[in-house]
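1. Provided below are the primary sequence and the corresponding predicted coordinates.
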Amino acid sequence: MTKIQLFSEMKQIEESELIVNADGSIFHLHLLPEQLADDVILVGDPGRVALVSKHFDNIECKVQNREFVTHTGTYKGRRISVLATGIGTDNIDIVMNELDALANIDLKSRVPKNEHRTLNLLRIGTSGGLQEDIEIGTFLLTETAVGFDGLLNFYRRRDDACNLDMEEKFVKHMTWNPRLANPYFVDGSKHFLEKFGNEFRRGITISAPGFYGPQGRELRLEIQDREINDKIRSFRYNGRYITNYEMESSAIFGLSKLLGHNAGTVCLIIANRYAKHFVKDAAPLMEDLIEKTLETIV
């Protein structure tokens, strides 16, 4: 734990801003502070929580409200929480702020704590590959997350978390539409990059604010830029290139960096957008990814 300068300057946070349920739990997640472990696995699908927690030695609590499902227990003696966020960075804004509140705000007095508690937040998800060499079934560790969602732009210290040079070059390369939210680039935490080493393929991951148009898909609606994925594929920065699409990592990385937490993402590539391939049965591959991830955490 380390001391940090807090925005609120230790002032009490109003009831309308920090909403606490009658039982003392945080508003959306319905978690009590003591139910949260320092190591947190984030999954999008509520059904995936049990796929992770079935490997635990024991489960001390199960909490659910709406799509937010949490199991906390131990794996090989290490306490871990696994939490379903639902889809999208709008949900991540809720999850990240409430997890930080559980860790770093006294919910009874509504005053931030003097000592900062750092959480280790690791997303396990599925993703679509954007390059020819990203084969379906690949396990990919995100080194940098790219936000097409605009969420981090609402926070004052946004630039402190971002690679502004990479952002500027990408916007120029893409001839970025000014009607869209400005993209942002946030690196993953060294905590996870070092822990995973070179076990998984590494890459740059785009978090899109939707599954269809924002990822270049067309059904009955024509998208604004039919060349968007070709331009993304051809972008290079210091020899690196963008590898895949998903929908949550940018907000996890950005908010974690601003709030003082460690963040990472490991994804199973279930589609290759370049080759138009899609994995037929992702279940055994996801099971393998979960097992490898748990072993890496401990």
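-> Perfect, I can see it now. Residues are numbered from 1 along each chain as shown.
2. What are the boundaries of the helices in the stretch 51-200 of the chain?
-> Taking DSSP state H, counting those that start in this stretch as the test, the helices found in the stretch 51-200 of the chain are 89-104, 164-174, 190-196.
3. just so I know, which of those lies nearest His116?
-> The closest of these to His116 is helix 89-104. By Cβ to Cβ, the value is 6.0 Å. C-beta coordinates here come from the backbone N, C-alpha and C atoms, glycine included.
4. and the helices of the stretch 51-200 of the chain as CSV, adding mean neighbour count?
-> As requested, those are exported to CSV (neighbours: other Cβ atoms under 10 Å):
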stretch, mean neighbour count
helix 89-104, 21
helix 164-174, 15
helix 190-196, 15
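5. Of all the ones you listed, which one is nearest Gln131?
-> Shortest distance between Gln131 and these, using Cβ to Cβ, is found for helix 164-174: 15.7 Å.
6. give me the beta-bridge partners of Val20?
-> Ile26 (DSSP bridges).
7. and Glu246, how far is that from Thr74?
-> 28 Å (Cβ to Cβ, to the nearest Å).
8. Same drill for these two, tell me which one is more crowded.
-> When Glu246 and Thr74 are compared on other Cβ atoms under 10 Å, the one with more neighbours turns out to be Glu246, at 25 against 15.
9. how about the more buried one, what does it touch?
-> Counting by Cβ atoms under 8 Å, 6 or more residues apart in numbering, Glu246 touches Gly125, Thr126, Ser127, Gly128, Thr205, Ile206, Ser207, Ala208, Thr265, Cys267.
10. Val266: which element?
-> Assessed by DSSP states H and E, Val266 sits inside strand 262-272.
11. and that strand, what other elements does it pack with?
-> When contacts are defined as 3 or more Cβ pairs under 8 Å, 6 or more residues apart in numbering; DSSP states H and E, strand 262-272 packs onto strand 120-129, strand 139-147, helix 190-196, strand 242-246, helix 249-259, strand 277-278, helix 283-297.
12. Deepest-packed of those, please.
-> helix 249-259 (a mean of 26; mean count of other Cβ atoms under 10 Å).
13. pull the CA atoms of that one into PDB?
-> Written as PDB, here are the backbone C-alpha positions of helix 249-259 (Å, rounded to 0.1, in the frame of the first residue of the first chain):
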ATOM      1  CA  SER A 249      -9.800  -3.200 -22.500                       C
ATOM      2  CA  SER A 250      -9.200   0.500 -23.300                       C
ATOM      3  CA  ALA A 251     -11.400   1.700 -20.400                       C
ATOM      4  CA  ILE A 252      -9.900  -1.000 -18.000                       C
ATOM      5  CA  PHE A 253      -6.400   0.200 -18.900                       C
ATOM      6  CA  GLY A 254      -7.100   3.900 -18.900                       C
ATOM      7  CA  LEU A 255      -9.100   4.000 -15.600                       C
ATOM      8  CA  SER A 256      -6.700   1.600 -13.900                       C
ATOM      9  CA  LYS A 257      -3.800   3.900 -14.700                       C
ATOM     10  CA  LEU A 258      -5.500   7.000 -13.500                       C
ATOM     11  CA  LEU A 259      -6.700   5.200 -10.300                       C
END
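14. Show me where the stretch 101-250 of the chain dips below the pLDDT cut-off.
-> Within the stretch 101-250 of the chain, not a single segment meets pLDDT under 70.
15. picking that back up, out of the contacts of Glu246, who's nearest Leu141?
-> Nearest to Leu141 among the contacts of Glu246, with distances taken as Cβ to Cβ, is Thr265, at 7.3 Å.
16. That closest one contacts Ser250, correct?
-> No - Thr265 is beyond contact range of Ser250, at 9.6 Å (criterion: Cβ atoms under 8 Å).
17. Find the residues that touch each one of those two.
-> Shared contacts of Thr265 and Ser250, counting by Cβ under 8 Å, 6+ apart, come down to Ala145, Thr205.
18. Which helix or strand contains Arg48?
-> Secondary structure assignment for Arg48, by DSSP H and E: helix 47-53.
19. distance between that helix and the chain's centre?
-> Offset of helix 47-53 from its chain centre (Cα atoms, centre = their mean, to the nearest Å): 17 Å.
20. Then stretch 192-208?
-> For stretch 192-208, the distance to the chain centre is 12 Å (Cα atoms, centre = their mean).
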